[in-house]
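let me see the structure of the following:
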Amino acid sequence: MSFDTTSEEIRTLFTEVAEPLDVAVPTDRMSGRPRGFAFVEFANAEHAAEAIQKFDGYELGGRRLRVNEASERPAGGPGGGGLRSFAGPDRMARRPPRPKGSRRNARARKRSIW
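From the prediction side, this is the model:
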């Protein structure tokens, strides 16, 4: 959808099927601009299915809408926190922990071990 489309425009459009319970337009953390998609929640699955059928491919704000049922994001996607490989592609391991504290006086600590 267009980045200029507001939640009220989306609510007005989807009210043709049924009154949405909630319309959420996620925004970018850095710029505060809409991210180009929205979530519309209906009271029952029949209204949601009807909205998908009616508005998939519908043009709003100069852009075609792709309307489908929301699904869970796969684990390990953008944002980090997932597993990373350090031992080759067939063996996954967590990143080794970094030593705590500053690196100051690291040479003296090494000498004290010997």
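
contact partners of stretch 59-70?
Stretch 59-70 has contacts (C-beta atoms under 8 Å, 6 or more residues apart in numbering) with 1-2, 4-5, 9-10, 13, 39, 48, 51-52, 55-58. Where you see a C-beta, it was placed from the backbone N, CA and C, and this is true even at glycine.

show the pLDDT at residue 73.
Reported pLDDT at residue 73 in the predicted model: 75.

assign a three-state SS to it, would you?
Following DSSP: H, G, I helix; E, B strand; the rest coil, residue 73 is assigned to coil.

that one: how many residues sit nearby?
For residue 73, the count of nearby residues is 9 (other C-beta atoms under 10 Å).

what does residue 37 give?
With other C-beta under 10 Å as criterion, residue 37 counts 13.

quick check: it is in a helix.
No. If the criterion is three-state DSSP, then residue 37 is coil and not within a helix.

any idea of the pLDDT on it?
With respect to pLDDT, residue 37 has a value of 90.

where are the low-confidence patches of this structure?
In the prediction, the chain carries residues with pLDDT under 70 at positions 75-114.

before I go, just wanted to say thanks for your time.
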